[in-house]
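S.K.: Give me a model of this one.
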Amino acid sequence: MIARLSGAAMRGFFVALMIATPALVVPGASTESSQATILVALLAAFLTFVEYNSRSPSIVEFRDAAPFNRLRFAALLASIFLLSLICRGKTDPTLLTNALTSIGTIIGNSIDFPYSPVRLVVLMLPPDAHETVVQSVRTAAGLAYLISLTAMAMFLFLVRVMGWPSRNGSFNMWVNLPLFDPTAGGDVLYRLNRDARINIALGFLLPFLIPAVVKMAADLLNPITLENPQTLIWTMSAWAFLPASMIMRGIAMQRIAEMIRDQRKRAYENADTDLLLA
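M.R.: Now for the predicted structure:
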């Protein structure tokens with residue numbers, strides 16, 4: 001009980017720290033913005049604490065299948081923290097912020113080719129956007145996209161080479177997939193593979209669809225402005241993290257389907273052996 005309570009409190013603290021990172025790192029935040037950030041951070045910390053302190057799962061998937069959620073959190077935290085340092089470097093430059101800006105610029109320029117996700121993000125900006133804003137968006141998009149690709153590659157390595165999640169013991173479907181009902185109807189393998197393919201397909205399409213939808217909506221609504229550092233940080237982090245998270249979820253569900261198929265195969269083989277020996 002004490003271990004579960006302390007673990008839930010630590011997770012809630014880190015979630016609150018992640019949400020407050022842009023306001024803590026980037027100078028010049030207004031009082032209203034800081035108050036809203038503190039409120040959101042406290043609410044997220046409370047919800048995280050309640051989720052991980054309870055015995056029964058609610059909405060968080062793969063809660064006991066480490067390090068799936070840890071890897072996703074680390075990728076989002078790294079994206080927010082590094083982009084915050086880059087934005088801070090515009091007013092308080094240091095060797096670290098200059099190095100991160102240079103790395104992001106190189107990555108952004110190398111990925112900024114026709115029909116690439118970074119190019120679509122740049123085209124999402126208003127036609128009269130200043131060149132410094134365009135370069136900031138390109139740099140942030142390139143770095144955030146690299147972090148998301150790295151997280152996906154690491155998780156694929158954990159699944160295919162390290163044998164996730166079987167190395168952590170038995171896999172509890174009810175705890176780790178609380179939103180998936182195995183008794184809803186139809187074969188579990190078919191539904192898992194179907195959901196996995198949908199998640200992977202949407203994960204690949206979202207980096208292209210989000211800028212296109214924002215660009216089309218700009219004709220009806222006020223176009224998005226990324227001149228504000230915190231808006232830039234959260235927009236680029238979400239644009240890169242959400243597709244990567246969906247792809248990782250699809251890979252995880254495919255892996256669970258493979259484990260169930262292998263277990264069924266072993267059960268059928270054992271049943272056939274028992275019949276032959278009978």
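S.K.: list the buried ones in the least confident helix or strand in the chain by mean pLDDT?
M.R.: Sorted by mean pLDDT, DSSP states H and E, the helices and strands of the chain end with helix 173-176, the least confident at a mean of 82. By neighbour count with 16 or more other CB atoms under 10 Å, helix 173-176 contains the buried residues 175-176. C-beta coordinates here come from the backbone N, C-alpha and C atoms, glycine included.
S.K.: Any chance you could list what contacts that helix?
M.R.: 57, 61-65, 165, 180, 182, 256 (CB atoms under 8 Å, 6 or more residues apart in numbering).
S.K.: Contacts only, for residue 78.
M.R.: Residues in contact with residue 78, defined by CB under 8 Å, 6+ apart, are residue 147.
S.K.: quick one: which helix or strand includes it?
M.R.: Here residue 78, judged by DSSP states H and E, is contained in helix 68-88.
S.K.: what packs against the next helix-or-strand element following that helix?
M.R.: If you walk from helix 68-88 toward the C-terminus, the next helix or strand you reach (DSSP H and E) is helix 95-111. In this structure, helix 95-111 makes packing contacts with helix 68-88, helix 117-123, helix 131-160, judged by 3 or more CB pairs under 8 Å, 6 or more residues apart in numbering; DSSP states H and E.
S.K.: Apply 7 Å and report the result again.
M.R.: Taking 3 or more CB pairs under 7 Å, 6 or more residues apart in numbering; DSSP states H and E as the contact definition, the neighbouring helices and strands of helix 95-111 are helix 68-88, helix 131-160.
S.K.: Adding mean pLDDT, write the ones you listed out as TSV.
M.R.: Putting the helices and strands packed on helix 95-111 into TSV (pLDDT from 0 to 100) gives the following:
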stretch	mean pLDDT
helix 68-88	95
helix 131-160	93
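S.K.: which one of the ones you listed lies closest to residue 245?
M.R.: Set against residue 245 and scored by CB to CB, the helices and strands packed on helix 95-111 come closest in helix 68-88, at 5.6 Å.
S.K.: domains of the chain?
M.R.: Using automatic domain parsing, the domains assigned to the chain come out as 1-55, 67-171+179-277.
S.K.: Quick check: which of these has the most neighbours on average?
M.R.: domain 67-171+179-277 (a mean of 17; mean count of other CB atoms under 10 Å).
S.K.: just checking, what packs against the helix or strand containing residue 7?
M.R.: Residue 7 belongs to helix 2-25 when elements are defined using DSSP H and E. Using 3+ CB pairs under 7 Å, 6+ apart, the elements in contact with helix 2-25 are helix 31-53, helix 68-88.
S.K.: can you put those in CSV and add distance to residue 269?
M.R.: Putting the helices and strands packed on helix 2-25 into CSV (distance: least, CB to CB, whole Å) gives the following:
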stretch, distance to residue 269
helix 31-53, 39
helix 68-88, 30
